[in-house]
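Chemist: The following block contains a protein sequence and its predicted model.
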Amino acid sequence: MSTPLRVLVTKIGFDGHDRGSRLVAAFLRDAGHEVVYTPPWQEISAVVTLALQEDVDVIGVSSLATDHLIVPDLMEALCDAGLDHVEVIVGGIVPDNEIPLLTDAGVARVFGPGSSREDIVDGVEELGRSAQQRKLSRGGFEA
Amino acid sequence: MTVVGDDDTASTASPGDSLFDRLRRGDAAAVARALSAIETGGPQADVVRGRLQSLDGAARVVGFSGPPGVGKSTLVNAYIDELRSQARSVAVLAVDPSSPVTGGAVLGDRTRMGNHTSDPGVFIRSVASRGHLGGLALSIPSMLDVLDAAGFDDIVLEAVGAGQSEVEISHFADTTVILSAPGLGDDVQAIKAGILEVADVLVVNKADLPGADETRRHLEAMLELRDTVTSPPVLPVVALHGNGIGAMTQAIDQNHAAQDASCGPQRRASEALRQAAIAELTRRIAADPELDRLGAAIHRGDINLADAVGALINRAASPDERNQP
Ligand SMILES: Nc1nc2c(ncn2[C@@H]2O[C@H](COP(=O)(O)OP(=O)(O)OP(=O)(O)O)[C@@H](O)[C@H]2O)c(=O)[nH]1
Ligand SMILES: [Mg+2]
């Protein structure tokens, strides 16, 4: 079996409904990946620290109400922390006309309510492998 | 003193400043990368291990173990509070089990340590056990070396709360804290034989709940049955509210005072070697067809057990000679 991906599944903003993020965490665990799971209401700075310390490949942000509107701020904070190799996906309910706001900010994929388990796992795996490649290409420890 | 978690790490990295230099300064991103390299294995793991060679240790390593739900993560959180009030920098490795079926894991220990995420003096890393059964993960000794090299004053280990984890953690921690609590069902069963032997400090957590006194008395009675001179203290604690943490910290400090942290890396290397050697020997013996032949010979009375053991170990030590009679 290949190395598991490390994925942060989290919720920022005001909405506390975490059924979706729990489900996604379980999907990824069952696909053999390691999921760092947080309760809802995370600060953006906390998400950045978590991603850094846990060295995750992918961050999944769940949004059911308007939380996705602060995802562009998260993207900027990740970049400032030197974490621009990390892929960010948003799952939940995002109005069609607001999707460009996210993708323009660097969000890799938006998974709507109709996404299947397979869609999500395949998408995360593809993105996670490319994040790992990008990190490797930036050089590592030298003997 | 380290600059663990310096907020400007990304911008202070200059060219010519290697990733390992940054690790030695306690730069969180470099520490995180080194931990991943160790976990993943391969060439980068070898490079990191090579760079760590012959460094002296300085960090104090405290291990927390006990049955699932006893309050390990909550207690680690309270202990971090205490260490931070003394301005000591802290790194935590929190081990959670990987699914034996899929290999995946949901790592949730740090959700109970959430208050410390914004503190640059605290570094927390969730570790999946990845099929290792001892309550930790195979990479733990080298991960401890990474954190020690990064200059953390204290390293805290939280084990998977099951089975023999209590014993394994004691090999890697300078001080081993074993938790018990009332209301875990059969909490007496949770403290099995062999575990009292490795505990430097025994904590009865959830002392706010009914039954805590009884749990404590039971532990003390078990300790009295042993014929050793010294017994670990049994301390009531309410991890959730921070009660009893001062006394626990004192007990940990006292135990540390008797140890030399500079030998930490060397002790961890010996222990990792011991485990790897035992695993290899076990594998070779289990695969040796002679095992069954010798078993039958013992059964017939042709050879005694001690001689058969000697024969098997000799064969395992020189597998090339196996095909010879
Ligand atoms: N009443 C009471 N509850 C506590 C105390 N400490 C922890 N708990 C509760 O016990 C439950 C388990 O706590 P954790 O800290 O997650 O326990 P753990 O041993 O880390 O659990 P695992 O890592 O899953 O094995 C939580 O609901 C805590 O709030 C305490 O001192 N008193
Ligand atoms: Mg825990």
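Modeler: Here it is on my side, so go on. Ligands and ions are numbered 1, 2, ... in the order given.

Chemist: From chain A, how far off is the closest residue in space to residue B:182 that isn't next to it in sequence?
Modeler: Once flanking residues are discounted, residue B:182 sits nearest to residue B:211: 3.2 Å by C-beta to C-beta, 6 or more residues apart in numbering or on different chains. Bear in mind the C-beta positions are built from the backbone N, C-alpha and C, glycine included. To chain A, residue B:211 is 29 Å away according to C-beta to the nearest C-beta, to the nearest Å.

Chemist: And for residue B:211, the neighbour number?
Modeler: 16 (other C-beta atoms under 10 Å in any protein chain shown).

Chemist: cool, residue A:66 as well?
Modeler: Applying other C-beta under 10 Å, we find 14 residues neighbouring residue A:66.

Chemist: ranges for the helices of the chain?
Modeler: All of this refers to chain A. Using DSSP state H, the helices of chain A run over A:19-30, A:44-54, A:71-80, A:99-104, A:117-137.

Chemist: think we crossed wires, I meant chain B
Modeler: So, for chain B - with DSSP H - the helices run B:9-12, B:19-24, B:28-40, B:43-52, B:72-85, B:140-149, B:165-172, B:187-190, B:195-198, B:212-224, B:245-257, B:264-286, B:290-300, B:305-317.

Chemist: Quickly, which of the ones you listed bottoms out on average pLDDT?
Modeler: Comparing mean pLDDT across the helices of chain B, the weakest is helix B:9-12, with a mean of 45.

Chemist: which residues touch residue B:173?
Modeler: Shown in contact with residue B:173 (C-beta atoms under 8 Å, 6 or more residues apart in numbering or on different chains): B:61-63, B:157.

Chemist: Any idea which residue is closest to the centre of the chain?
Modeler: All of this refers to chain A. residue A:59 (1.9 Å; C-alpha atoms, centre = their mean).

Chemist: Name all residues that make contact with that one.
Modeler: A:7-8, A:10, A:47, A:51, A:74, A:78, A:86-89.

Chemist: Of the residues you listed - the most surrounded one?
Modeler: Tallying neighbours with other C-beta under 10 Å puts residue A:7 at the head of these, with 29 neighbours.

Chemist: isn't that residue right up against residue A:36?
Modeler: Yes: with contact defined as C-beta atoms under 8 Å, residue A:7 reaches residue A:36; the gap is 7.2 Å.

Chemist: Quick check: neighbours shared by those two?
Modeler: Both residue A:7 and residue A:36 are in contact with residue A:56, where contact means C-beta under 8 Å, 6+ apart.

Chemist: Around chain B, which positions in chain A sit nearby?
Modeler: The interface of chain A toward chain B, taken as C-beta under 8 Å from any C-beta of the partner chain, is made up of A:1, A:3-4, A:6, A:25-26, A:28-39, A:43, A:45-46, A:49-50, A:52-55, A:80-82, A:139-143.

Chemist: Using PyMOL, define a selection of the buried residues within these.
Modeler: Here is the PyMOL selection string for the buried members of these, based on 16 or more other C-beta atoms under 10 Å in any protein chain shown:
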select buried, chain A and resi 3+4+6+25+26+28+29+30+31+32+33+34+35+36+37+38+46+49+50+52+53+54+55+81+82+140+141
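
Chemist: any idea how far residue B:55 is from residue B:289?
Modeler: 44 Å (C-beta to C-beta, to the nearest Å).

Chemist: So between the two, which is more surrounded?
Modeler: Comparing residue B:289 with residue B:55 by other C-beta under 10 Å, the one with more neighbours is residue B:55, at 13 against 9.

Chemist: Can you give me the pLDDT of that one?
Modeler: At residue B:55, the predicted lDDT confidence score is 88.

Chemist: same check, this time on the one 10 residues further on
Modeler: For residue B:65, the model assigns a pLDDT of 91.

Chemist: repeat for residue B:25
Modeler: For residue B:25, pLDDT reads 95.

Chemist: so how far is chain A from it?
Modeler: Counting by C-beta to the nearest C-beta, the gap from residue B:25 to chain A is 14 Å.
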